[in-house]
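[1] below are the sequence and a predicted model for it; my questions follow.
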Amino acid sequence: MPTYQIRGIDVDFPFDAYDCQLVYMEKVIQALQERCNALLESPTGTGKTLCLLCATLAWRKSLGGFSTGSAKRDISSQPDSQSNSNVNNFPTIVYTSRTHSQLRQVIQELKRSNYRPKMVVLGSREQLCIHDEVSLLRGRAQNNACHYICRKGAKRRCKHYSLVADYLKHNPLLGDDPIDIEDLVSIGRKSGPCPYYISRELRRAVDILFAPYNYLIDQSYRKSLSLDWNNSILIFDEAHNLESLCADAASFDLPSGLLTACISEAKNCVDLSVDRRDKSSDKSRNPDNFAILRALLLKLEKRIAELPVESKEFGFTKPGPYIYELFSGLNITHETASMLIGIIEEASVLLEESKELEAKGGICRLETMGEILKLIFREKENAHANFYRLHVREVDAYPSDDLKGKTSRTLSWWCFNPGLAMEEFSKIRVGSIILTSGTLSPMDSFAQELNLDFPVRLENPHVISSNQIWAGVVSAGPSGCLFNSSYRNRDSLEYKQELGNAIVNFARIVPDGLLVFFPSYYILDQCIQCWKNMAHPNSMDSNTIWERICKHKKPVVEPRQSSLFSLAIEDYMSKLNDTSNSGAIFFAVCRGKVSEGLDFADSAGRAVVVTGLPFATRTDPKVRLKREYLDELARLQKERRILTGDEWYNQQASRAVNQAVGRVIRHRDDYGAIIMLDERFAHVNRQSQVSLWIQPHIKCYSKFGEVVYHLTRFFRDGGNRVPAKPKILQHKDSGDTKTAEPIPICQTPPASPTDDGGIVHPISLDCEMKRTTNSCQLREVIPANRSSFTLSKKLLGSMGSSSGSYTGEGQKLLMSGKGNMQQKNEIVDLTADSLADEKLYKGLTAPCFTKKRKISQLKDCVMLDAGNSGKCANGAKCKLSECEWDNSSTYDGRSRKQAQVGSISLPQYDETISSFDANSLSEGHKGVQNATAPGKDEEDKGSAFLLQVQEKLSASEYKDFIGFMKALKSKAMKITYVLQSIARLFSGPERLQVSKRFKDFIPVKYHSLYEKYLGANDGIADC
């Protein structure tokens, strides 16, 4: 097992480490040594978890030996007694992840390492209890029942709890080797001791503790651990959802149905306590207390019903502290809340003892009310309420509800500062907090949301070679229709038809498994319904789009119901493994279960298609109030950079995209394609929010034929790829220890040493960094699933000279020395029609809109499965000429016909700008210079306008605006596209003035066109 010396720490690693793995471990150790926080992104497949464990445990071992093999422990007769967390007073490592299934994988990685710390994994009674009756309960009822039968003097004391002390006394080495929840349950069933209390006792003297997130985020859970938090190390793995989990944990929703159930349970408690008094003279439960509780809940229900809800869209909204005004009218204050919480706990025990909960699945609704009161009255000063908003919304009751036919109200108290939970850790003097995931980008907003400083940051590259990934932005479909899933476009028949025809092509080209992600369930349902009922009107093929997709791959659709999800996965894998099929296609949604944490490695996911930007619904009250909260915060704190509502809104969509595309390329020998079907992905600011390891591979395509050609070529070469191999570092000593200095970076994308915020990127580490690009020998390509295809020599020659994901023989990526890599990117015109232009493919990298290329005519054409007979990539008619086609190969679902020969002459666009009055609107506020006679008036006019635009637009929007101006200056874009894009930027009543003024800089002949685009944007959000 190799040993690497990193920052003076000897790290045992079970394999020869990749360069990016060494960089990752260096960053972990740096954060631990400097007692600071770290934000670390490393793609799935780079061995992130193993690196994190090895680096952390190597640092811990350098402080002193592990606690393994320690002497016998004194076991208290009472559960959860206070004790030091570590007998040697070394810092405890708390490793958390989102789910127990993810923790199970982490423990498997620990078994692969050479480190054996004393460890334990914590779980709930729901997962660990083996008592015949208590294991059937849930929530607080289960906890109360467990406490009841484990206390001294209990009539039916739990036999499993009684065996814990004796079992640990005779097995002092338990936890020296990695154990999982299943191992603890197995011990309990085999030998008798309670698995839950075994884990609770072991946690008192461990080096590393594994637990779900809520054990740290939830204050009551955290206190129950009884750890010495001073200098402890907190690790949040798979932390990409941490901000939303923190906010949700600090928020609550109280629907009318839940409140009604609580009132009913309080009434049952009154009846039960009165009945006990009458039958057995049991006065331990005072019915008056439960009557008071019921009365207060009835008053709360009435107060909520009386609140003035203006409309279902906007509801009733107040600042967070209003909750105390609402509750004070019910005489619920800090003084009375604690008494009320005690009554609720008594009620829960009474209902459990009386078996009232068995018919309800063991769930006590009053417990939820108790948690709500604890959340509201958590601090006497109520300072946390300033980060909240109170909202009451009115919805129609579901048919299954008791309130059928009536409207139902929900009282919500939403926390918009996820950092509240994280701030608690600084109060208890935690040493370091490490957040890591495969998709944390964009990082700045992530750090701001959590209100923590992260001096150590890393956006790691992947361990794969450049020929293992294809990433492209597809701006238009087979018929030339632009892809844009915004609100104004997504319901159009033309868009859905074009999207379906594109997916037919991808289903034909991509082997094995194909994942297709939609922005929402609504768009997914609408598209599939359209495809099932539509055949192309101009096509000889009568099959619907859905039937043509099914011809190539068997479909599976992600269900809305969580209970059906496992069946959908089984169905997908079954169809994928069926040799009679050519693969399977999984239609899913961003932020759904398919996009979260599932491993579609190798043939299970050869390509992922993202059909649009998954913006949250703007009118959703929680989204709307979050944006308003951030905008208000930005106005109040102008002295420091605060995330605005628009920036948060956009970055949440980008983070969901990053999570979805991370489903493919899951290990170093894997390969796959990332296909973005939305023109907005071509914008520079949008690509800057994509995970850093993907960015250098992204290319923009304006013609669908180019996509078909390059994607076909990529998968045709898939079988000949040589797996990436780790670089073996030179031994610095004669022994087995390898030094990690200098640490080269594999495939680090070109970047500046620091960004505007002074954050150091991997490129600017203290080590010298290198990058290698593998080139591959390309073969003559034929369309996927086709046996015959011939192109002219001219076309093949031009294609063979392309660079990017595929570099021709002898071509390499240009880089500068001294660890600073610079990629020489040529800019390409997205409106260029030439498929055979050699320079076009050499420069197909983003950004795409800033230089106009000379348009050459194309004598060869690539036929597409657009569902329209006799058309090419741009929809023009084909003439008989040079390219030979097997018509049965080209058109799916058509009968075989005699091979024909065709060519096409593409016309040049006549709408590119030859002269533009805003020709010299510049980013630096240099004024507007007239193209023919510059003067001071024009300069002042342009400068004033730019200042007004900058004031009205957000930073990212203003950057887009300047990009469009530069593109116009270089005559690189169609004026119709630019005017439409700028009209979108200026949409909204607050931007009406600048939208009208911009018309002064447009040639008169385009005024009506611009006004048309403005009219189409009125009142419609681009989401």
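    Now that the structure is in, tell me what you want to look at. Numbering: from 1, shown residues only.
[2] please identify the buried residues of stretch 322-329?
    For stretch 322-329, a neighbour-count test (16 or more other Cβ atoms under 10 Å) marks Tyr322, Ile323, Tyr324, Leu326, Phe327 as buried. Using the backbone N, CA and C atoms, a C-beta is placed for each residue, glycine as well.
[3] let me fix that, I meant to ask about stretch 588-607.
    Residues 588-598, 600-602, 604-607 are the ones in stretch 588-607 that count as buried (16+ other Cβ under 10 Å).
[4] end-to-end on that stretch?
    End-to-end span of stretch 588-607 (Cα to Cα, to the nearest Å): 13 Å.
[5] ok but Ser412 is inside a strand, no?
    Yes. Counting by DSSP: H, G, I helix; E, B strand; the rest coil, Ser412 falls inside a strand.
[6] what about the closest residue to Asp578 other than its chain neighbours, neighbour count?
    Once flanking residues are discounted, Asp578 sits nearest to Lys554: 7.4 Å by Cβ to Cβ, 6 or more residues apart in numbering. For Lys554, the neighbour count with other Cβ atoms under 10 Å is 20.
[7] who touches Lys554 in this structure?
    Contact analysis of Lys554 by Cβ atoms under 8 Å, 6 or more residues apart in numbering lists Lys575, Asp578, Asn581, Gly583, Ala584, Ile585.
[8] just the buried residues of the residues you listed.
    Buried residues within the contacts of Lys554, counting neighbours by 16+ other Cβ under 10 Å: Lys575, Gly583, Ala584, Ile585.
[9] now, among those residues, which is nearest to Asn417?
    Nearest to Asn417, judged by Cβ to Cβ, of the buried ones among the contacts of Lys554 is Ile585 at 40.9 Å.
[10] wouldn't that closest one be in contact with Leu514 here?
    Yes. Between Ile585 and Leu514 there is a contact at 4.5 Å, judged by Cβ atoms under 8 Å.
[11] shared neighbours, those two?
    Overlap of the contact sets of Ile585 and Leu514 (by Cβ under 8 Å, 6+ apart) consists of Ala507, Lys553.
[12] any regions of the stretch 901-1023 of the chain where pLDDT drops low?
    Low-confidence segments of the stretch 901-1023 of the chain (pLDDT under 70): 901-940, 969-973, 989, 1016-1023.
[13] helices of that one, residue ranges please.
    Ranges of helices within the stretch 901-1023 of the chain are 936-952, 955-969, 975-985, 992-997, 1007-1017, based on DSSP state H, counting those that start in this stretch.
[14] so which of those helices is nearest Asp278?
    Ranking the helices of the stretch 901-1023 of the chain by distance to Asp278, with Cβ to Cβ as the measure, places helix 955-969 first at 70.2 Å.
[15] how about the secondary structure of Met573?
    The three-state label given to Met573 by three-state DSSP is helix.
[16] for it, give me its contacts.
    For Met573, the contacting residues are Ala604, by Cβ under 8 Å, 6+ apart.
[17] just the pLDDT for it.
    On pLDDT, Met573 comes in at 92.
[18] same check on the one 3 residues further on?
    Listed pLDDT for Leu576 reads 91.
[19] any buried residues in the helix or strand containing it, and which?
    Per DSSP states H and E, Leu576 falls inside helix 565-577. By neighbour count on 16+ other Cβ under 10 Å, the buried set for helix 565-577 is Phe565, Ala568, Ile569, Asp571, Tyr572, Lys575, Leu576.
[20] which stretches of the stretch 651-800 of the chain have low pLDDT?
    For the stretch 651-800 of the chain, the stretches with pLDDT under 70 are 718-800.
[21] tell me if I'm right that Gln448 and Arg640 touch.
    No. Counting by Cβ under 8 Å, Arg640 is not a contact partner of Gln448; they are 10.0 Å apart.
[22] which one of the two has more residues nearby?
    Shown here are Gln448 and Arg640; by other Cβ under 10 Å, Gln448 has more neighbours (20 against 7).
[23] list the residues that contact the more buried one.
    When contacts are counted by Cβ under 8 Å, 6+ apart, Gln448 touches Ile642, Leu643.
[24] can we see that at 7 Å?
    By Cβ atoms under 7 Å, 6 or more residues apart in numbering, Gln448 lies in contact with Leu643.
[25] point out where the stretch 351-500 of the chain drops to low pLDDT.
    355-362, 397-406.
[26] where exactly do the helices run in it?
    365-376, 419-427, 443-450, 493-509.
[27] most tightly packed of these?
    For these, the largest average neighbour count (mean count of other Cβ atoms under 10 Å) is found in helix 493-509, namely a mean of 23.
[28] so Gly559, which of the three states?
    Rather than Gly, residue 559 is Pro. At Pro559 the chain is in coil, as set by three-state DSSP.
[29] how close does the residue lying closest to it once chain neighbours are set aside get to Asn505?
    Spatial nearest neighbour of Pro559, excluding adjacent residues (Cβ to Cβ, 6+ apart): Ala568 at 5.5 Å. For Ala568, the distance to Asn505 (Cβ to Cβ, to the nearest Å) stands at 25 Å.
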